[in-house]
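Visitor: the sequence isn't on hand, but the structure is:
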């Protein structure tokens with residue numbers, strides 16, 4: 001049963017056949033409706049959604065924020081430009097994230113290895129390597145006959161360059177290669193399944209401003225990042241329709257307050273928007289209850305939805321105005337994150353956060369908590385996710401952890417000996 005769940009998920013990703021193509025759009029309600037006439041989810045669908053998973057326990061403990069937090073080796077995922085302000089010269093991080101543990105799937109996990117090196121006071125380079133394993137699966141045909149084993153897996157390799165453009169401003173550019181092999185060599189309805197490859201880029205910007213709040217030295221940080229901007233991909237031999245990577249626009253603001261030499265606290269707020277087309281329903285329910293074809297589904301008259309045939313940049317720039325439900329539906333596509341972090345003596349941290357996604361656009365809503373310990377040259381971060389709705393999350397009640405190795409601390413330690 002466990003493997004069946006995995007296989008079903010994989011083929012759903014491969015086919016990416018939006019449920020909205022079978023549902024109907026109701027102009028009166030301004031949403032896609034199901035058989036009972038009520039609004040149903042019209043989630044944005046992409047290939048390789050693992051690229052949007054928060055890879056580290058620190059960000060995972062603060063509602064998945066990371067654009068404006070004090071930079072560490074995992075900042076390459078959120079906003080690489082922040083690394084230009086890193087205090088330490090060199091750092092590495094390794095994170096292990098169990099996946100679907102509530103379903104007892106012990107062989108499904110996400111690994112993330114990253115690091116950075118400051119070249120001088122202005123320049124920083126970084127790398128990130130992410131490996132997502134979906135375990136081992138027994139593939140079967142429509143009659144339930146075993147047709148072989150598979151080991152679905154996905155990989156991302158990322159390099160970044162960050163540079164200060166002034167005392168308070170920095171920018172970054174990242175390049176990445178992404179590989180996804182979900183069911184290569186299998187067939188679905190006579191269609192051959194292949195692996196997918198993509199090249200993508202990230203762009204980031206960070207601005208910092210010192211201030212004084214309540215007599216405490218403080219600092220505002222503002223950041224923006226466009227991530228996963230890359231070529232469309234296909235998992236099949238049919239290249240008429242390809243699928244978008246999860247290109248994303250993230251905007252963040254953070255406030256760091258230094259109460260004294262031992263106590264600091266930061267607060268962070270982020271808004272994220274996927275830069276991909278909104279799925280369009282194939283039919284429309286009219287006011288009299290009749291059903292008619294939706295002219296926006298395929299204006300060129302072929303069998304494929306127009307929103308899936310858009311070019312990369314048409315999909316990105318059109319993603320702000322293409323929802324059938326108008327401005328109201330566009331606003332539902334925004335995801336919000338809140339996070340806070342308290343440090344005592346730069347050795348012990350307590351974190352908490354909240355993530356919100358509208359129920360019609362994914363319905364991920366959860367609280368997060370976590371701890372951090374920095375001792376000498378090593379740091380350990382832990383996070384735990386608590387769902388706040390009935391929609392299951394792959395990380396429900398899962399503990400994940402990160403290790404951080406500080407080379408600067410290592411050099412200082414042995415320099416004193």
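Guide: Yep, that arrived. All of these numbers come straight from a predicted model, not from anything done at the bench.

Visitor: so which residues of the stretch 251-400 of the chain form strands?
Guide: Assigned by DSSP state E, counting those that start in this stretch, the stretch 251-400 of the chain shows strands spanning 263-274, 283-285, 291-293, 334-344, 348-356, 365-375, 378-387, 399-406.

Visitor: kindly reformat those as CSV containing distance to residue 230 and mean neighbour count.
Guide: To be clear about C-beta, it is placed using only N, CA and C from the backbone, and glycine gets the same treatment. Converted to CSV, the strands of the stretch 251-400 of the chain look like this (distance: least, Cβ to Cβ, whole Å; neighbours: other Cβ atoms under 10 Å):
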stretch, distance to residue 230, mean neighbour count
strand 263-274, 14, 20
strand 283-285, 32, 18
strand 291-293, 33, 10
strand 334-344, 20, 20
strand 348-356, 25, 20
strand 365-375, 28, 18
strand 378-387, 28, 19
strand 399-406, 26, 20
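
Visitor: out of these, which comes closest to residue 206?
Guide: Proximity to residue 206, assessed across those by Cβ to Cβ, is greatest for strand 263-274 (12.9 Å).

Visitor: give me the sheet partners of the closest one and which way each runs.
Guide: Sheet pairing of strand 263-274 (DSSP bridges) gives strand 248-258 (antiparallel), strand 334-344 (antiparallel).

Visitor: got those strands as a markdown table, with mean pLDDT and distance to residue 296 columns?
Guide: Formatted as a markdown table, the entries for the strands paired with strand 263-274 read as follows, by pLDDT from 0 to 100; distance: least, Cβ to Cβ, whole Å:
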| stretch | mean pLDDT | distance to residue 296 |
| --- | --- | --- |
| strand 248-258 | 96 | 24 |
| strand 334-344 | 96 | 22 |
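
Visitor: quote the end-to-end distance of stretch 132-140.
Guide: 23 Å (Cα to Cα, to the nearest Å).

Visitor: quick one: mean pLDDT for it?
Guide: In this model, stretch 132-140 has an average pLDDT of 80.

Visitor: now find how far off-centre that stretch is within its chain.
Guide: Taking Cα atoms, centre = their mean, to the nearest Å, one finds the center of stretch 132-140 at 22 Å from the center of the full chain.

Visitor: neighbouring strands for the helix or strand that residue 125 is a member of, and are they parallel or not?
Guide: Here residue 125, judged by DSSP states H and E, is contained in strand 123-134. Based on DSSP bridges, the strands next to strand 123-134 in the sheet, each with its direction, are strand 108-118 (antiparallel), strand 153-164 (antiparallel).

Visitor: which one, of the strands paired with strand 263-274, ends up nearest to residue 33?
Guide: Across the strands paired with strand 263-274, residue 33 has its closest neighbour in strand 334-344 (22.1 Å, Cβ to Cβ).

Visitor: how big is the angle separating the closest one from strand 348-356?
Guide: Here strand 334-344 points in a direction 170 degrees away from that of strand 348-356 (axes from the mean of the first three to the mean of the last three Cα atoms, to 10 degrees).

Visitor: angle of strand 334-344 against strand 365-375?
Guide: Going by the same axes, to 10 degrees, strand 334-344 makes 30 degrees with strand 365-375.

Visitor: can you list contacts of strand 334-344?
Guide: Contacts made with strand 334-344 from outside it, assessed by Cβ atoms under 8 Å, 6 or more residues apart in numbering, are listed as 58-59, 61-65, 69, 262-273, 349-358, 361-362, 364, 368, 372.

Visitor: now do that strand: distance to the chain's middle.
Guide: From the chain centre to the centre of strand 334-344 is a distance of 16 Å (Cα atoms, centre = their mean).

Visitor: with stretch 328-342 instead?
Guide: Remark: stretch 328-342 is offset 13 Å from the chain centroid, using Cα atoms, centre = their mean.

Visitor: so what's the nearest residue to residue 310 once chain neighbours are set aside up against?
Guide: Nearest-residue entry for residue 310: residue 277, 5.5 Å, with adjacent residues in sequence omitted and distances by Cβ to Cβ, 6 or more residues apart in numbering. Taking Cβ under 8 Å, 6+ apart as the definition of contact, the neighbours of residue 277 are 44, 244, 307, 308, 310, 315, 318, 319, 322.

Visitor: make it 6 Å
Guide: Counting by Cβ atoms under 6 Å, 6 or more residues apart in numbering, residue 277 touches 307, 310, 315, 322.

Visitor: and if you look at residue 402?
Guide: By Cβ under 6 Å, 6+ apart, the contact list for residue 402 reads 56, 57, 93, 95, 381.

Visitor: that one bridge partners, please.
Guide: Counting by DSSP bridges, residue 402 is bridged to residue 95, residue 381.

Visitor: please apply the same query to residue 139.
Guide: The bridge-partner assignment for residue 139, based on DSSP bridges, gives residue 148.

Visitor: am I right that it is in contact with residue 151?
Guide: No. Because the distance of 10.9 Å does not satisfy Cβ atoms under 6 Å, residue 139 is recorded as not touching residue 151.

Visitor: on that earlier part again, may I see the strands of the stretch 251-400 of the chain organised as a markdown table, with distance to residue 226 added?
Guide: As requested, the strands of the stretch 251-400 of the chain are exported to a markdown table (distance: least, Cβ to Cβ, whole Å):
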| stretch | distance to residue 226 |
| --- | --- |
| strand 263-274 | 10 |
| strand 283-285 | 33 |
| strand 291-293 | 35 |
| strand 334-344 | 15 |
| strand 348-356 | 20 |
| strand 365-375 | 24 |
| strand 378-387 | 26 |
| strand 399-406 | 25 |
